[in-house]
Every structure is written in structure tokens, then in C-alpha cells.
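*Asks:* quick one, fold the following:
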Amino acid sequence: MRVLHLDSGRTMRGGQFQVLRLTEGLAGHPSIEQHLLCRGELLSRTGGERLTFASLRREARRADVIHAHDAHAHTLAALLGGSKPIVVSRRVAFPVRSSRLSRWKYGRATRFLAVSGFVAGQLREAGVEATRIAIVPDGVPLPAEAPEPRWASPPRVLALDSEDPGKGALLAREACRRAGLELTLTSDLERDLPSAEIFLYLSQSEGLGSALILAALARTAIIASRVGGIPEVIEHERTGLLTENDATAAAAALNRLAGEEGLGPRLAEAAFHAAGSRFSVDIMVARTVDAYRSASAS
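*Replies:* You can find the predicted model right below:
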């Protein structure tokens with residue numbers, strides 16, 4: 001089976017990292033041949049080809065299945081993919097638009113890969129049949145060795161350095177100020193998580209939150225917003241603490257982790273084991289291949 005991957009993103013965000021991990025995981029698969037059309041940083045990180053109208057038309061003719069990894073790629077596949085089956089990854093938490101063009105585009109897709117049950121529910125509310133939806137959570141590389149448990153006093157707090165106003169960097173700063181804790185903002189989670197005790201992830205909207213999986217696998221205690229698909233990754237009081245998007249509430253969660261002896265390490269340990277059993281790249285790849293087979297048989 002020849003799969004054509006389409007990604008239109010110009011920077012490396014969660015979706016682009018998932019494309020990278022999926023294509024790496026599919027490399028050498030006995031029944032899958034693949035070709036990637038993409039842009040920006042993902043293009044420079046892979047052996048892909050630049051996404052253009054001409055390259056899409058050419059490669060679509062050769063493909064058995066087209067996999068669109070973002071909304072713009074979905075539109076391009078619907079317009080230029082001919083009659084080929086289209087698999088669409090849906091990662092975002094906002095509702096599907098109800099315009100005539102959107103209804104046509106969503107009707108054109110053969111199979112949707114929803115990153116969480118929350119996102120799958122939004123697709124059903126938009127009129128997509130449940131038989132066309134598969135839940136395929138993010139996959140992240142499992143560490144070769146389990147990180148050692150750690151805790152410092154006061155704990156070091158890490159949050160994403162993002163220009164996206166919905167990702168809550170300003171709110172994280174204010175919560176840490178109120179809690180009397182120093183905050184480090186990072187654009188490289190894999191590098192900086194091992195030196196933090198707490199990962200503070202405040203977001204206004206989230207399909208799932210692959211950053212939370214990385215934090216769990218780094219054995220970092222997690223405080224996250226109670227929105228979208230996040231509660232499918234973090235179970236309150238068992239694998240982390242969930243909070244409202246409010247500086248006072250987030251500061252209270254920070255103070256609790258900082259002050260309640262043993263709580264942070266206990267939550268981090270439980271999150272590490274839960275993430276390893278549910279969010280591996282191997283699981284993500286296997287479920288995606290199942291969706292390709294289902295789409296090609298439709």
C-alpha cells in the first residue's frame with residue numbers, strides 16, 4: 001500500500017512531530033510504502049518533498065491512500081486528491097465549522113483519526129458517522145531507561161514558551177508569581193523536562209496534549225488545565241493535578257505540590273507508568289495502519 005502524507009505546517013508543533021514519528025515508525029513496514037509532501041521545518045528534518053499543487057497532483061495519482069495531517073492539507077487532498085481514499089488526522093479541540101465548504105470537505109474524507117475521545121465527540125456532533133472515526137492518540141518515544149525519581153525544594157517549574165495566546169505562558173507566569181516559585185519557559189521540552197520537578201501546562205483548548213505525555217515519561221509532576229482531551233491523559237489526583245484556567249487556582253495547585261510531602265513524586269510515578277502503556281509510537285503506528293487498511297477497503 002502506498003501512502004501519501006500531506007502536512008502544510010511551516011513550524012515544528014505537536015502535529016509535525018507526530019508526522020515525523022509516524023513516518024519514522026512506518027519506515028521499513030512490510031506492507032507500507034510512503035511519500036511525504038510538506039513544508040518548512042518538517043521538510044528540512046525529513047527526506048520529504050516540498051508540498052505544491054504540482055507535487056500533490058503527481059503523487060496523488062500514485063497513492064493508494066492520502067493521509068492529510070492538518071486542516072489545510074485536508075482541503076488540498078479533498079480538492080486535488082481525485083477519487084483516492086483520504087485519511088484525516090484531527091488534533092484540534094475547536095468545533096468543526098458548519099459552512100457548505102466544510103460539510104463538503106468533511107464528507108469527502110474516508111476516515112478520521114481523532115487524537116482523543118473529546119475530538120471524536122466533536123466530529124460526531126458535526127455529523128460525521130462514528131464508523132468513519134478511529135481514536136488514535138499521540139505517540140511519543142519511550143525512554144530507553146526509566147528516569148530516576150527526583151524532587152527539589154522548592155521545586156523547579158517548567159512551562160512551554162509559546163507565542164500562542166491559548167497556551168497560557170502569561171497565566172503560568174502569574175500563577176508562579178502568586179505561588180512564590182520560579183518559572184522556566186522552554187521551547188525544547190525533551191531537553192529541559194529532566195531538570196524540572198513540575199510541568200505546568202495551561203491551555204485554553206487542547207485536543208489531547210502530547211507535551212503532557214513527554215512530561216509524564218520524564219517523570220515530571222504535572223499540573224494541567226481541565227479542558228478538551230487533557231483529562232484523557234491526566235487523571236486528577238492520580239497522575240497529576242487538573243486546574244481551571246485561573247491564576248489563583250493554578251497557584252493553589254502549585255502550592256499543594258510544593259507543600260504536600262510525597263505528592264509530586266507519587267503523581268509523577270503513576271503518570272510515567274500510565275503514559276508508557278498508552279501512548280507509545282508503536283501503538284500510534286499500529287492504529288494508523290489499521291485505519292489505512294479500513295480506508296482502502298471502503
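*Asks:* poorly predicted segments of this protein, please.
*Replies:* For the chain, the stretches with pLDDT under 70 are 165-166.
*Asks:* mind giving me the domain ranges of it?
*Replies:* Per the record, the chain has its domains at 2-139+280-297, 157-278, by automatic domain parsing.
*Asks:* could I get the ones you listed as TSV with mean neighbour count and distance to residue 145?
*Replies:* C-beta: built from backbone N, CA, C; applies to glycine. Listed next are these as TSV, based on neighbours: other Cβ atoms under 10 Å; distance: least, Cβ to Cβ, whole Å:
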stretch	mean neighbour count	distance to residue 145
domain 2-139+280-297	18	15
domain 157-278	20	11
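*Asks:* make JSON lines out of those domains and add distance to residue 151.
*Replies:* Converted to JSON lines, the domains of the chain look like this (distance: least, Cβ to Cβ, whole Å):
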{"stretch": "domain 2-139+280-297", "distance to residue 151": "26"}
{"stretch": "domain 157-278", "distance to residue 151": "5"}
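*Asks:* to residue 147, which of those lies closest?
*Replies:* domain 157-278 (4.3 Å; Cβ to Cβ).
*Asks:* quick revisit: which one of the domains of the chain lies closest to residue 148?
*Replies:* domain 157-278 (7.6 Å).
*Asks:* please state the offset of the helix or strand where residue 211 lies from the chain centre?
*Replies:* Using DSSP states H and E, residue 211 falls within helix 210-217. Computed by Cα atoms, centre = their mean, to the nearest Å, the chain-centroid distance of helix 210-217 equals 10 Å.
*Asks:* who's in contact with that helix?
*Replies:* 14, 17-18, 138, 140, 142-143, 147, 160, 189-190, 193, 199, 201, 222, 224, 230, 233-234, 239-240, 268, 271-272, 274-276, 279 (Cβ atoms under 8 Å, 6 or more residues apart in numbering).
*Asks:* counting only helices, which of those residues make the cut?
*Replies:* If you go by DSSP state H, the contacts of helix 210-217 have 14, 17, 18, 189, 190, 268, 271, 272, 274, 275, 276 in helices.
*Asks:* relative to residue 117, which of those residues is nearest.
*Replies:* For the ones in helices among the contacts of helix 210-217, the nearest to residue 117 is residue 274 (15.8 Å; Cβ to Cβ).
*Asks:* hmm, the closest one is touching residue 222, no?
*Replies:* No - using Cβ atoms under 8 Å, residue 274 is not in contact with residue 222, being 11.0 Å away.
*Asks:* which stretches in this protein count as strands?
*Replies:* 2-6, 33-38, 49-50, 65-68, 86-90, 111-114, 133-135, 157-160, 183-186, 198-201, 221-225, 241-243 (DSSP state E).
*Asks:* what helices or strands is the fifth one leaning on?
*Replies:* Translated: strand 86-90. strand 65-68, helix 71-80, strand 111-114, helix 281-297 (3 or more Cβ pairs under 8 Å, 6 or more residues apart in numbering; DSSP states H and E).
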